[in-house]
Every structure is written in structure tokens, then in C-alpha cells.
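Novice: Structural data only, the sequence is not supplied:
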């Protein structure tokens with residue numbers, strides 16, 4: 001069964017079925033309708049999710065119990081809403097991503113672990129008993145993250161190293177009417193959508209354990225699906241930071257090890273752990289917690305090209321030779337306003353790509369990565385392909401551009417930290433950037449004001465900032481840049497440049 005799940009790369013509702021879009025807003029509407037059908041019963045919705053198959057794995061069932069029989073469709077739901085809900089949570093799902101929906105922040109979330117975490121939180125606040133296991137487990141982590149995480153690394157042990165243990169992410173066919181979700185690579189038992197759903201399940205379950213609130217209100221506030229919250233960053237865009245604050249790596253390692261020991265005695269999973277001793281369980285749990293934290297907590301989320309609607313690359317991209325030695329910081333200047341939602345940032349990316357391809361005649365958008373003020377990085381040419389951001393140096397470093405004009409004001413503190421504290425450390429840790437990298441503003445390398453005075457003064461304080469301008473960059477400056485008295489360059493913002501053949 002597990003192998004069959006791993007072979008499936010996409011899940012979709014069949015075109016032409018007339019189902020509502022697989023947006024989180026649709027889920028909120030369904031939850032609101034269900035709560036109106038069962039007023040005064042806060043546990044009814046997560047229990048229904050379990051009845052429909054949202055908690056069908058051995059470990060989840062050991063904690064929350066055998067699922068109840070699914071009821072008939074409530075009258076408060078339309079036929080299309082009920083059909084969508086059963087497909088999102090159904091036991092007959094062709095792949096774990098079957099329960100995935102698109103959130104307003106551009107992330108994709110699987111509903112099973114989300115509702116399982118919510119049920120644990122409600123049981124705790126309402127005083128409903130949860131089973132005691134040997135060894136003891138934290139039920140909130142057991143039903144959300146630790147079973148999938150431990151199983152993924154357990155299956156990979158002793159292999160050839162080619163089996164995926166985490167990820168990948170994926171893309172929707174249409175962000176306005178999402179129906180088909182396709183993974184971007186070989187699947188693991190813990191793809192990105194399940195990781196997001198698991199982290200959200202932990203965070204919302206922990207919140208509910210403090211005080212119960214209607215689930216529609218909880219989801220609406222967290223994902224920003226109404227009441228004006230869609231105009232700025234919703235709490236869901238902070239999930240990596242908040243999960244990291246709540247869950248230390250030692251806590252995650254401890255819970256994964258406990259889950260593996262519980263799976264050892266459950267009939268459906270005994271065979272998986274038959275030859276795995278206690279010391280190996282500890283080693284698997286340590287690696288699983290370390291790798292998950294590195295990928296989903298310490299590294300920032302990067303929105304892939306297919307999610308922001310990129311055009312194809314023109315021509316044949318040139319491969320970078322990693323690790324690179326430099327980072328070049330830019331601002332886009334145009335668009336001049338920071339983007340603070342997924343929709344606005346995606347529009348900015350498409351506009352920049354059109355300008356770079358159609359007006360400047362480049363092969364693609366010039367930057368390696370673009371920084372939104374919505375909490376996300378956006379993939380330009382990415383980790384592996386030569387960009388067109390810093391003429392003469394495109395093969396030596398990554399070009400990272402902030403959306404906005406930062407001549408007078410700096411980016412939001414969150415957007416600053418996204419690159420300074422997360423992206424750069426992640427690039428070094430993953431072997432894409434040399435530990436002794438140099439960081440410069442675009443103006444140090446050519447004829448430009450980029451990245452604006454305010455942002456440039458900010459990056460002067462960052463680790464790796466190199467104040468000296470390379471001599472070969474100075475020699476490349478045109479004579480028009482030099483004043484007869486000061487012999488200093490006059491800088492004019494011209495933006496990134498495609499390397500000339």
C-alpha cells in the first residue's frame with residue numbers, strides 16, 4: 001500500500017465535475033455550514049473528518065480511536081460541498097496529497113493532520129480523555145507529524161540514498177480555481193502539503209487547548225479568508241517561525257522516537273520495525289527531527305515558478321557551479337510598493353518577467369530569488385541557473401531582489417530577517433553558498449543606485465558584507481560615471497543586466 005501511494009505524483013478532482021475550488025476559503029464555508037447543523041457540539045466537525053478518513057493511519061487511530069461511521073450528508077451542505085469534503089478526507093485517496101487545499105498565503109495544506117490536531121486540542125480543553133501509550137507520546141504531535149516523519153526515515157534506512165524522505169512541494173493548475181495539484185518531484189510520505197497541514201495542526205491544536213472557539217472563526221482568522229484579513233499577512237504565513245518557537249528539535253526527536261516504539265507493537269506496522277533496535281530508533285528519530293527542522297523551520301519557504309505563473313525560460317539556461325561565493329542584494333524599484341499578499345507578489349513577479357523578457361530581451365526574469373513582504377521568497381532563476389542580475393558577476397553569486405523601492409525606507413523587519421537570518425544560513429547549510437561568502441549591494445558592482453540608500457545602509461550591517469568594490473568592477477565602469485573633481489562614480493539605477501555574449 002505504501003509503495004503504491006509513493007508512486008502517485010498528483011491528485012485531482014476530475015475536470016468538469018463542478019466541484020467548488022480547493023481553496024481554504026471553501027473549507028471555511030463548509031465548516032461554518034457544518035457547525036450550523038450541529039450547534040453546541042465543538043467536536044462534531046473534527047469527528048466527521050475522522051469518520052471520512054482524515055485519521056486513517058495506525059498511529060493516529062491508536063491515539064484518537066477507531067473512526068465512527070460516516071453520517072449522511074447534512075442538509076446545510078450542498079451536494080457539491082459534501083462531495084468535495086469526502087474527496088478531501090476519503091479513505092480511498094490515491095495519494096496523501098488528496099486532501100490538499102490552497103491557502104490564501106500561497107501555501108498548500110493537507111486537511112487530515114490539520115483536523116486531527118484540532119481534535120486533540122478540543123479534547124484537551126473539554127477534558128475528554130486521550131489514551132496512555134507506552135512509551136508515552138504527546139498526542140498533538142502523534143496525530144499530526146511524528147508518524148509520517150518517523151515512517152519516512154524508517155523506510156529510507158539502509159537504502160541507496162535515492163529515496164525521498166521529505167517533500168516535495170507542488171503546484172496547482174489554477175490558483176483561482178484550484179482542482180489539480182501536481183508534485184514537483186518524487187514523493188515521500190511527508191510532502192510539503194502534509195508538512196504544512198501537520199505544523200498547522202500542532203499550532204491550532206495548541207491554541208484550542210487554551211480556549212475553544214468556533215472552528216470556522218479559528219480557520220478564518222489563521223488563514224486570512226475573510227473580515228479583511230486577506231489584505232495583509234495572515235498568521236499561517238508565520239507557521240515555520242511559530243512551529244519552531246513551539247517545538248524545539250529535541251522535543252520533535254523525542255516524539256518521533258516514542259511514535260516509532262508505539263508503531264513497533266501495532267499489528268499493521270510491526271513488520272516495519274522487526275529488525276530495528278532501540279539504538280537505531282534513536283538514530284532515525286534524531287536524523288528525522290534534524291532534517292525536518294532544517295527544511296521546514298530553519299529554511300524559508302520558496303514559492304516555485306509554477307505557482308506565481310512564470311512563463312517558460314527562453315533558450316537554454318546555463319548551470320551554476322556550486323557553491324557560489326557571493327550574494328548581490330537588489331531592489332526592484334518597479335514595482336515600487338512592497339507586496340504583502342501572495343496575489344500581489346505573484347502579479348509583481350509576472351510583471352517583472354514580462355519587462356525583463358519583452359522590453360530588455362532577456363531569457364527570463366533576471367533575479368535568482370525575489371523577496372516579498374508576505375513572508376515568502378519567490379523563485380526566479382533559482383538555485384541552479386545563471387541569472388541576469390549583476391552584469392559580469394551572474395555566474396559568481398545569487399541575485400536577491402526585494403520587491404519595492406527602498407531608497408528612502410527599509411523593507412519590513414520580517415522581510416529583512418527572511419534573507420539575513422534564514423535564506424543566507426540555509427544557502428550555506430545546504431552547500432549552495434560558501435561559508436565565507438561576500439555580500440554586496442548592486443551599486444558596488446556597476447552603474448546603479450540599487451538597492452536604494454535605505455536598504456544599502458541596512459545590508460552594511462549584515463554578516464559577509466564587503467565594503468571594498470572589486471577592482472575589475474571599477475575598471476568596467478564607463479568614463480561617464482566619473483566626475484573630474486572627486487573621481488567618484490555617479491550612480492544611476494539601471495536595474496539588473498543580462499550578460500552579453
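Specialist: Structure received. Everything numeric in this text was worked out from a predicted model, so none of it was measured. Residues are numbered from 1 along each chain as shown.
Novice: rest of the way, CA atoms for contacts and neighbours
Specialist: Fine.
Novice: Residue 81 touches residue 28, doesn't it?
Specialist: No. At 11.2 Å, residue 81 does not count as touching residue 28 under the criterion of C-alpha atoms under 8 Å.
Novice: and residue 379, what is it in contact with?
Specialist: 302, 303, 304, 305, 368, 369, 370 (C-alpha atoms under 8 Å, 6 or more residues apart in numbering).
Novice: pLDDT score for it?
Specialist: Confidence per residue is given as pLDDT, and for residue 379 that number is 98.
Novice: got the residue ranges for the strands in this structure?
Specialist: For the chain, the strands defined by DSSP state E occupy 10-12, 100-102, 108-110, 170-172, 180-183, 302-303, 324-331, 369-371, 377-379, 397-402, 433-441.
Novice: Surely residue 270 touches residue 264?
Specialist: Yes. Using C-alpha under 8 Å as the test, residue 270 is close enough to residue 264 to be in contact (4.8 Å).
Novice: any common contacting residues for the two?
Specialist: Between them, residue 270 and residue 264 share no neighbouring residue, with contact defined by C-alpha under 8 Å, 6+ apart.
Novice: how near is the residue nearest to residue 309 when sequence neighbours are not counted to residue 104?
Specialist: When the adjacent residues along the chain are set aside, residue 309 lies closest to residue 350, with 6.7 Å between them (C-alpha to C-alpha, 6 or more residues apart in numbering). Plainly put, residue 350 is 18 Å away from residue 104 if you go by C-alpha to C-alpha, to the nearest Å.
Novice: Also residue 448?
Specialist: Counting by C-alpha to C-alpha, the separation of residue 448 from residue 104 is 36 Å.
Novice: Counting neighbours, go ahead and name the busier of residue 350 and residue 104.
Specialist: Ranked by neighbour count (other C-alpha atoms under 10 Å), residue 350 and residue 104 place residue 104 first, with 23 against 17.
Novice: How is the chain partitioned into domains?
Specialist: With automatic domain parsing as the criterion, the domains of the chain are listed as 2-298, 306-481.
Novice: Lowest average pLDDT across those domains?
Specialist: Averaging pLDDT over each of the domains of the chain singles out domain 2-298 as the lowest, with a mean of 89.
Novice: Please give me every residue in contact with the residue nearest to residue 309.
Specialist: With contact set as C-alpha under 8 Å, 6+ apart, residue 350 has these partners: 308, 309, 310.
Novice: Using CSV, lay out the residues you listed together with neighbour count and distance to residue 331.
Specialist: CSV is the format used below for those (neighbours: other C-alpha atoms under 10 Å; distance: C-alpha to C-alpha, whole Å):
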residue, neighbour count, distance to residue 331
308, 22, 19
309, 15, 21
310, 19, 20
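Novice: Redo those as JSON lines? Include distance to residue 117.
Specialist: Listed next are the contacts of residue 350 as JSON lines, based on distance: C-alpha to C-alpha, whole Å:
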{"residue": "308", "distance to residue 117": "30"}
{"residue": "309", "distance to residue 117": "33"}
{"residue": "310", "distance to residue 117": "35"}
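Novice: In helices, which of these appear?
Specialist: When DSSP state H defines the helices, the subset of the contacts of residue 350 inside them is residue 308.
Novice: List just the nearest of the contacts of residue 350 to residue 213.
Specialist: When the contacts of residue 350 are compared for distance to residue 213 (C-alpha to C-alpha), residue 308 comes out closest, at 33.9 Å.
Novice: tally of neighbours for the closest residue to the closest one other than its chain neighbours?
Specialist: On the basis of C-alpha to C-alpha, 6+ apart, the spatially nearest residue to residue 308 that is not a chain neighbour turns out to be residue 346, at 4.6 Å. In terms of burial, residue 346 registers 21 neighbours under the definition other C-alpha under 10 Å.
Novice: Tell me who's in contact with residue 346.
Specialist: If you count contacts by C-alpha under 8 Å, 6+ apart, residue 346 has them with 307, 308, 309.
Novice: Tell me the spacing between the last one and residue 343.
Specialist: So that's residue 309. Per C-alpha to C-alpha, residue 309 is found 11 Å from residue 343.
Novice: What of the first one?
Specialist: Using C-alpha to C-alpha, we find residue 307 at a distance of 10 Å from residue 343.
Novice: ok, residue 41 to residue 127 distance?
Specialist: 14 Å.
Novice: Also residue 443?
Specialist: Spatial separation of residue 443 from residue 127 under the definition C-alpha to C-alpha is 61 Å.
Novice: who's more crowded, the two?
Specialist: Between residue 443 and residue 127, residue 443 has the larger neighbour count (other C-alpha under 10 Å), namely 25 against 10.
Novice: isn't that one right up against residue 457?
Specialist: No. Using C-alpha under 8 Å, residue 443 makes no contact with residue 457, being 11.8 Å away.
Novice: Report the beta-bridge partners for the closest residue to residue 173 other than its chain neighbours.
Specialist: Nearest residue to residue 173 in three dimensions, chain neighbours excluded: residue 180, at 5.5 Å (C-alpha to C-alpha, 6+ apart). In this structure, residue 180 has beta-bridge partners residue 12, where bridges are defined by DSSP bridges.
Novice: So residue 180 sits against residue 102, correct?
Specialist: No. Under the criterion of C-alpha under 8 Å, residue 180 is not in contact with residue 102, lying 10.6 Å apart.
Novice: Give me the more crowded residue out of these two.
Specialist: Just comparing residue 180 and residue 102: by other C-alpha under 10 Å the higher neighbour count belongs to residue 102, 26 against 21.
Novice: quick one, what contacts the more buried one?
Specialist: With contact taken as C-alpha under 8 Å, 6+ apart, residue 102 is in contact with 22, 23, 24, 108, 109, 175, 178.
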